[in-house]
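1. when you get a sec, could you give me coordinates for this:
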Amino acid sequence: MITVKNLSKDFGAIKALQNINFTISPGDIVALLGPNGAGKSTLMRLLSGYLEPTGGEIEISGRTYASHRMQILPEIGYVPESAPLYGEMTVFEFLKFMSAVRNLPTSQTSTRIAEVSEQFELSGVLNQKCETLSKGFKRRVAIAGVLTASPRILILDEPTEGLDPNQKYGIRNFFKEYARKNIVIISTHIMEEVTSLSSRVLLLNKGKLIKDTTAAHLSELSPDNNLETAFRSITNKDK
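-> So this is what the prediction gives:
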């Protein structure tokens, strides 16, 4: 379980997040929504341990980063929007490298690489250098890399960017299955993805959490029962 208490993050005079509170349990697929600059990326970096908060705290299964950082980090898989790959590595070398970084036992490495390669349809490019891959393949390789060690919490920024419709369908089904026993958090601007995938929606605007709801309930706040209309209406109120 993730518990966020009065979480705030300042960058000098800029208040990126202000007093955020929520809990997320295994089985949840949470979509982070908000206009550009709302604080979504900052929140994901805080949840992943990449940034330290200015105030408040994050508990992962009752433990905080301040006291149990090294125990928490292996449970987190974070893929930022522009996830860097090592271009000179082949896909297989990259997945093997990520397995080692995430302390996957050597005896399990080959089996796990085979599993994620099949799940993300990478078998045909395993010997291809990462720098030669298309945008969609690079995205899938980055996600497969953090999944080699099966993290309990998966945090993804724009996970289906660059994927074709068939690939989007497949990866969304994978996330649904993975979230049965784990937590999946995605940031996306694709409303179809929010409605088809998420069980929860956290709507951020100007560094504040303004809605903690579902896609269906959020849609009902618009006259035409449309998620995109509701999003525009709510986030434009303070302009």
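2. which residues in the protein form helices?
-> For the chain, the helices defined by DSSP state H cover 40-47, 65-72, 91-101, 106-119, 135-147, 165-178, 191-197, 215-219, 227-236.
3. could you dump these into JSON lines with mean pLDDT added?
-> Below are these laid out as JSON lines (pLDDT from 0 to 100):
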{"stretch": "helix 40-47", "mean pLDDT": "95"}
{"stretch": "helix 65-72", "mean pLDDT": "89"}
{"stretch": "helix 91-101", "mean pLDDT": "94"}
{"stretch": "helix 106-119", "mean pLDDT": "93"}
{"stretch": "helix 135-147", "mean pLDDT": "92"}
{"stretch": "helix 165-178", "mean pLDDT": "90"}
{"stretch": "helix 191-197", "mean pLDDT": "89"}
{"stretch": "helix 215-219", "mean pLDDT": "91"}
{"stretch": "helix 227-236", "mean pLDDT": "88"}
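4. format the ones you listed as JSON lines; extra columns: mean neighbour count.
-> From N, CA and C alone the C-beta is placed, and that goes for glycine too. Below are the helices of the chain laid out as JSON lines (neighbours: other Cβ atoms under 10 Å):
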{"stretch": "helix 40-47", "mean neighbour count": "23"}
{"stretch": "helix 65-72", "mean neighbour count": "13"}
{"stretch": "helix 91-101", "mean neighbour count": "19"}
{"stretch": "helix 106-119", "mean neighbour count": "15"}
{"stretch": "helix 135-147", "mean neighbour count": "22"}
{"stretch": "helix 165-178", "mean neighbour count": "15"}
{"stretch": "helix 191-197", "mean neighbour count": "18"}
{"stretch": "helix 215-219", "mean neighbour count": "17"}
{"stretch": "helix 227-236", "mean neighbour count": "17"}
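5. can I get those helices in a markdown table with distance to I155?
-> What follows is the helices of the chain, written out as a markdown table (distance: least, Cβ to Cβ, whole Å):
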| stretch | distance to I155 |
| --- | --- |
| helix 40-47 | 5 |
| helix 65-72 | 13 |
| helix 91-101 | 15 |
| helix 106-119 | 17 |
| helix 135-147 | 9 |
| helix 165-178 | 12 |
| helix 191-197 | 14 |
| helix 215-219 | 19 |
| helix 227-236 | 21 |
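6. out of these, which comes closest to G27?
-> G27 lies closest to helix 165-178 among those, at 10.5 Å (Cβ to Cβ).
7. how many degrees apart are that closest one and helix 135-147 in direction?
-> 10 degrees (axes from the mean of the first three to the mean of the last three Cα atoms, to 10 degrees).
8. counting by contacts, list what helix 165-178 packs against.
-> Counting contacts by 3 or more Cβ pairs under 8 Å, 6 or more residues apart in numbering; DSSP states H and E, helix 165-178 is packed against helix 135-147, strand 183-187, helix 191-197.
9. now distance to G87 too, for those, in CSV please.
-> Output for those, formatted as CSV (distance: least, Cβ to Cβ, whole Å):
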stretch, distance to G87
helix 135-147, 10
strand 183-187, 25
helix 191-197, 28
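10. L7: which of these is closest?
-> Taking those one by one with Cβ to Cβ, strand 183-187 is closest: 14.1 Å.
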